[in-house]
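Q: just need the structure, nothing else, for what follows:
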Amino acid sequence: MSNEYNKSPPPHTPLDGHLSERIIRILAKNGVHSVEAVKQAYPLRLLRMHGIGMLRFRKIEMAFFPDQYFEPDFAPPSIRFAQDSALNGKLPLVTVRTLARAGIKTPEQLREAYPHKLLKIHTIGARTLREIERVFFPGQRFPLKDKR
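A: Residues are numbered from 1 along each chain as shown. Sure, this is the predicted structure:
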């Protein structure tokens, strides 16, 4: 009689408690549901997964491979612009991307949104508003409420 019937299924150690819920969801979407599957996917398959960048990869590595540090041969491309935005190069990239997500891609749209619509954008605060003012509204300074 064959031993195939007597074989126990491969171990399936859950990822809970090892990684954040977000990383666990990303791994699950990519078909990785156990610690053993993470170890099989390390390193290249993990790096190729949608949603796993170097930061999340390092968190996985710290959780399951604490004595290893994989350095990929490739460097992720640096994105120096936000597509279709006339604000590229005039403001920090993170600000240009934030504005583009809010539908603000031209200096005219920026001027129309200043200051109230800009301040309604979740990640735009006093520092970002001051940078926008320095570049597009020289000499102007919208009074912000003191949070003290």
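
Q: any chance you could map the helices in this protein?
A: In the chain, the segments counted as helices under DSSP state H are 21-29, 35-41, 44-48, 54-64, 93-101, 107-113, 116-120, 126-136.

Q: ok, now which ones touch the residue nearest to Asn30 when sequence neighbours are not counted?
A: Excluding its sequence neighbours, the residue lying closest to Asn30 (Cβ to Cβ, 6 or more residues apart in numbering) is Met49, at 4.3 Å. All C-beta spots, glycine's among them, are computed from the backbone N, C-alpha and C. Counting by Cβ atoms under 8 Å, 6 or more residues apart in numbering, Met49 makes contact with Ile26, Leu27, Asn30, Val32, Ala41.

Q: the closest residue to Arg97 other than its chain neighbours: neighbour count?
A: Spatial nearest neighbour of Arg97, excluding adjacent residues (Cβ to Cβ, 6+ apart): Ala82 at 4.7 Å. Residues near Ala82, counting by other Cβ atoms under 10 Å, number 20.
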